[in-house]
Each structure stands twice: as C-alpha cells, then as structure tokens.
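Visitor: Model the structure of this input:
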Amino acid sequence: MTKEELTAWALANGWQMIGEHLSLVKPTSPKDPIVRLVLKATVAQVEIKKPSGKWEKVAGESYAKIALDEYSELPTGLGLTTISGLTRLMQDNKDRMAFSKFGAP
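Guide: Numbering: from 1, shown residues only. Below you'll find the model as predicted:
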C-alpha cells in the first residue's frame, strides 16, 4: 500500500485527522486521541497513548510490506489484528462519525 492508499483506508474506517496524524479517539472524549497512525516518508507506525500521556510505538512497517487483507479488511504488516480492542474502537469511531452527519435537530 502507498501512503495515500493507507490514508484513504483509515479515513473510510473510522480514523480521523487530528493534528498531523490519523487518530482514533475515546468514545467518551471525541477530541482526545488514544491511538494514532504516524505516516512517515517510507514507513507507517501505530502508536498508543499511555496513561502518562506519552506515545508508545507498538508496530511499524515500510509501505512496501503493507497490504490490505480483503478478508479482514485490515492492512497486514502493522499488527492491527493483534492490538486488543482496536477493531471495536475503529467501529465505535466509524459509527460516531456516521451519526454526527445527521446533526442535532
């Protein structure tokens, strides 16, 4: 996958741009990112925010080694399937964004 393909996948699956990075937020605090995808020139990294507020890199891979798994609909090589609760967090973020488009009456 390229950086652009990975960005398009992330935006379609509940990630949002917060600052310079694609991020997933807490369901109770939609402005506080807890997982982010850092896209550098040649590599993509997944980082999780620790309770102390520091970001910890949990996975990373070059774009050439990242591919979209059609079955799970997740990019392989980034370890997204091994991070506990990540798919649920992605779905929560995706649902919240979809329902926010309806707006308040």
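Visitor: Can you give me every residue that contacts the nearest residue in space to Q16 that is not next to it in sequence?
Guide: Spatially, and ignoring its direct neighbours in sequence, Q16 is nearest to S23 (6.2 Å; CB to CB, 6 or more residues apart in numbering). For the C-beta atoms, the positions are set from N, CA and C on the backbone; glycine is no exception. Taking CB atoms under 8 Å, 6 or more residues apart in numbering as the criterion, S23 is in contact with 15-17, 33-37.
Visitor: now whatever helix or strand S23 lives in, how far from the centre of its chain.
Guide: In the assignment (DSSP states H and E), S23 maps to strand 21-26. Using CA atoms, centre = their mean, to the nearest Å, the mean C-alpha position of strand 21-26 is found 6 Å from that of the whole chain.
Visitor: got it, and stretch 40-51?
Guide: When distances are taken as CA atoms, centre = their mean, stretch 40-51 is centred 10 Å away from the chain's centroid.
Visitor: And stretch 40-59, by the same measure?
Guide: Computed by CA atoms, centre = their mean, the chain-centroid distance of stretch 40-59 equals 11 Å.
Visitor: ok, back up a step: which strand residues bridge the residue nearest to Q16?
Guide: Q16, R36 (DSSP bridges).
Visitor: Make a ChimeraX selection of the buried ones in the contacts of S23.
Guide: One line in ChimeraX is enough to select the buried members of the contacts of S23, burial here meaning 16 or more other CB atoms under 10 Å:
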select :15,16,33,34,35,36,37
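Visitor: and the contacts of S23, which two are the farthest apart?
Guide: Pairwise distances across the contacts of S23 (CB to CB) peak at 15.2 Å, for the pair M17 and I34.
Visitor: I83 - nearest residue in space that isn't next to it in sequence?
Guide: V58 (6.6 Å).
Visitor: again, but for L89
Guide: Closest to L89 by CB to CB, 6+ apart is L24, at 5.2 Å.
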